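Visitor: sequence plus predicted model, see below.
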Amino acid sequence: MSRKLLTFLAGLALLLGAVSTVPAADYPTRPVTMVVAFTPGGASDVLARLLGRKLEQILGAPFVIDNRPGAGGNVAAEAVAHTTPDGYTLLVGNNAILATNAALYKKVNFDAEADFAPIGLIGSQANILVVNPAVPANSMAELIALAKANPGKLNFASSGHGLAAHLAGELFKAEAGIDLVHVPYKGAAPALQDVIAGHVQMMFATASSVVPHIRDGKVRALGVATPKRTAVMPEIPTLDELGLRGFDATTWHGLVAPVRTPKEIVAALNRALVATLDDPVVKKSLGDLGVDIIGGTSEDFAAYIKSEIPKWTAIIKTSGAKLD
C-alpha cells in the first residue's frame, strides 16, 4: 500500500511540475496588460505604447495599456504588486516608483525590491542643467562660483516637491557644496517657462522638454545629469566630466512584473524587451522622445534598482521633502 502511495505521489509531483511549466512554455496565450502610472499622452504613456506594439509582434499576443495615474505612481505600483504573478500584468516603472517614493511618501503599500520581479531597464531620459541666458555663468564651474559668492540668492525651479527635477537640484547642491533656494511648481512646463522668463535662474529639465528651447537660445545648457552624454544633444558634457564625479540624476524607465512570476516568463519577457529595444523603428521613436536606450538583463536591472534606493533616500532625507 505504501509503495502504491509513493508511486502515486511521485507521479502527481511529475504531473504538477509539467503543468507548472506549460504556461511559461506557451506564454503568452492571452492579452498582456502593461500598467502605466501616468495619464495618456505623457512621455511614460507614449513610451509604453511604442514598446507594446513591438512586443505584440514578437510574442504574438496583444499588449494592452492600462493608465492608472495617482500618488506619484504608487496607485499603479500597488495594483501590480498585489495582482496574480502570472506574467499577464506588468508595470512600466520609473525611478520615482522604484527608487524614491518609499522614502518620499509617508505610506507606500508596496516594496520596490521585495514585491517586483525586474524584467529589464528600458532607458533613461537626461536631465539637463539649464540657466536663463541672463545668468552670468557660461559653465558649471562659473555657476558654482557664482552660487558660492551669493549663498541663498540663486533659485532653482522644479516640477514639484520630491520629483526628479527637485531631487536633481538637491543632489547638485550637496555635491557642489552650494546654497540654492528651491522653487516648486505644479508641473515641469510652468517651471521651465519661469526659467525662460528669468523669474527663476535655473532648473534640471528633461531633454524632451528643454532641447527645443536650448536650440532657440531661450536657455543655456551647462551640463547633463547622466553618467554618459545624451544622444539627443551629444555636445553637452556630463556633470561628471565637468568635475562632479559620479553625478547621476537620471530619469529612467523599466519593466517589472509581480514577484513570484515564473522565471521562464520573466526570461521570455526580457528577451522580447531586448529585441524590441534593438528594433530600428523603436530606437528612432524613443530617441525622438529623448530616451537613451539601455536594455540589459533582469539581473542588471535588479542591481540598478538596489543601487538607486539608498542614494535617493539620503538625498530626500537631506532635502526634507515629504509627501502624504
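Guide: Happy to help now that I have it. These figures come from a predicted structure and were not determined experimentally. Numbering: from 1, shown residues only.

Visitor: could you use CA atoms for every contact and neighbour count after this?
Guide: Fine.

Visitor: any weak-confidence spans in this protein?
Guide: Applying pLDDT under 70 to the chain flags the ranges 1-25.

Visitor: quick one: the strands in it?
Guide: With DSSP state E as the criterion, the chain has strands at 32-36, 63-67, 89-94, 116-125, 127-131, 154-158, 180-184, 202-206, 220-224, 251-258, 291-293.

Visitor: contacts for the longest one next, please.
Guide: Taking contacts as CA atoms under 8 Å, 6 or more residues apart in numbering, the residues outside strand 116-125 that touch it are 81, 206-208, 250-261, 266-267, 269-270, 273-274, 277, 290-302.

Visitor: check the fifth one too.
Guide: Identification of contacts with strand 127-131 by CA under 8 Å, 6+ apart yields 165, 195, 201-207, 210, 219-226, 249-251.

Visitor: go again using 6 Å as the cut-off
Guide: Applying CA atoms under 6 Å, 6 or more residues apart in numbering, the external contacts of strand 127-131 come out as 201-206, 219-225.

Visitor: return the angle between stretch directions for it and strand 251-258.
Guide: Per axes from the mean of the first three to the mean of the last three CA atoms, to 10 degrees, the angle that strand 127-131 makes with strand 251-258 is 150 degrees.

Visitor: quick check: neighbours of strand 127-131 in the sheet, parallel or antiparallel?
Guide: strand 202-206 (antiparallel), strand 220-224 (antiparallel) (DSSP bridges).

Visitor: pick the most deeply packed of those strands.
Guide: Most buried of the strands paired with strand 127-131 by mean neighbour count (mean count of other CA atoms under 10 Å) is strand 202-206; its value is a mean of 28.

Visitor: C-alpha coordinates for it, CSV please?
Guide: Provided in CSV are the C-alpha atoms of strand 202-206 (Å, rounded to 0.1, in the frame of the first residue of the first chain):
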residue,chain,number,x,y,z
MET,A,202,17.9,77.5,-13.3
MET,A,203,16.5,74.0,-13.3
PHE,A,204,17.1,70.4,-14.2
ALA,A,205,14.8,69.8,-17.2
THR,A,206,14.2,66.6,-19.2
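
Visitor: how far off centre is it?
Guide: Distance, stretch centre to chain centre, for strand 202-206: 16 Å (CA atoms, centre = their mean, to the nearest Å).

Visitor: other residues contacting that strand?
Guide: By CA under 6 Å, 6+ apart, the residues outside strand 202-206 that reach it are Ala126, Asn127, Ile128, Leu129, Val130, Val131, Phe156, Ala157, Ala165, Val195.

Visitor: can you do 8 Å?
Guide: Residues from elsewhere that reach strand 202-206, judged by CA under 8 Å, 6+ apart: 125-132, 155-158, 165-166, 168-169, 188, 191-192, 195, 251, 290.

Visitor: picking up where we left off before, which among the contacts of strand 116-125 count as buried?
Guide: 81, 206-208, 250-259, 261, 266-267, 269-270, 273-274, 277, 290-298, 301-302 (16 or more other CA atoms under 10 Å).

Visitor: where along the stretch 201-324 of the chain do the helices fall?
Guide: Ranges of helices within the stretch 201-324 of the chain are 207-215, 263-277, 280-288, 298-319, based on DSSP state H, counting those that start in this stretch.

Visitor: now the second one against strand 116-125, angle please.
Guide: Right, helix 263-277. Here helix 263-277 runs at an angle of 10 degrees relative to strand 116-125 (the same axes, to 10 degrees).

Visitor: can you check the first one too?
Guide: Interaxial angle of helix 207-215 relative to strand 116-125 (the same axes, to 10 degrees): 10 degrees.

Visitor: likewise for the longest one?
Guide: Going by the same axes, to 10 degrees, helix 298-319 is angled at 70 degrees with respect to strand 116-125.

Visitor: in the sheet, who's paired with Val35?
Guide: Beta-bridge pairing of Val35 under DSSP bridges involves Asp66, Leu91.
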